[in-house]
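Colleague: fold the following.
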Amino acid sequence: MGLAAVGIAGNGFSAWLLHRDSKHSLNVRGAFLHMMGDLLTSVAVFITGAVLLLKPWSWLDPLLSVLIVVFILKNCWQILKESGAILMNATPRGLNLEKIRQHLLKMPGIVGVHYLHAWNVSSTSVAFSCHIEVTDRPVSATETLGAEIRHDLMHQFGIDHPILQFETVQCGNGGMLCEISG
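Modeller: Residues are numbered from 1 along each chain as shown. So this is what the prediction gives:
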């Protein structure tokens, strides 16, 4: 029970330190959940030791162990799903590409928006690419529009790494990626 108390203090302190940043980083969240699993194990050992001093309940240790395993598996599954989505370049949860397209179409100077794609670069960074159709103009004339778009994407949608391709005619005519994105 004494060693379990030391484990409670050490793992509790470590989990407390990691808790704040675990909301913003998948890596820190994994470390935080690891510390929480260790903390729960120490708590289970302490409780089992205290109860066994008073009652011969040998079933308590396996029961608490199964509950800890359920906690670890549930959180492990969440971490695997989130990291898998990052690795598969899935559209980040909560990001609506159609809403972004409609927002961009309302901006002056934009004629069309297509081939939108968003993905997590990491658990805290979102990349985004799209083709933006504008009226015929020099490429240098798109710099101001590009800056406005990048500002809006960051402040409206949390996209911090936009890749914009300006075009003067709608994508297609043999470009399969553009034709299927309609």
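
Colleague: doesn't residue 131 make contact with residue 169?
Modeller: No: in terms of C-beta atoms under 8 Å, residue 169 does not count as a neighbour of residue 131; the distance is 10.5 Å. All C-beta atoms are positioned from the backbone trio N, CA, C, and that covers glycine.

Colleague: ok, those two, which is more surrounded?
Modeller: Neighbour count, other C-beta atoms under 10 Å: between residue 169 and residue 131, residue 131 has more, with 19 against 10.

Colleague: any idea which strand is longest in the protein?
Modeller: strand 110-120 (DSSP state E).

Colleague: C-terminal to that one, what's the next element?
Modeller: On the C-terminal side of strand 110-120, the closest following helix or strand by DSSP states H and E is strand 126-134.

Colleague: that older thread, check which residues of the longest strand of the chain are buried.
Modeller: 110, 113, 114, 115, 116, 118, 119, 120 (16 or more other C-beta atoms under 10 Å).

Colleague: that one relative to strand 126-134, how many degrees between them?
Modeller: Interaxial angle, strand 110-120 versus strand 126-134 (axes from the mean of the first three to the mean of the last three C-alpha atoms, to 10 degrees): 170 degrees.

Colleague: which secondary structure elements does strand 110-120 contact?
Modeller: helix 60-87, helix 97-105, strand 126-134, helix 176-181 (3 or more C-beta pairs under 8 Å, 6 or more residues apart in numbering; DSSP states H and E).

Colleague: of all the ones you listed, which one is nearest residue 34?
Modeller: helix 60-87 (8.8 Å; C-beta to C-beta).
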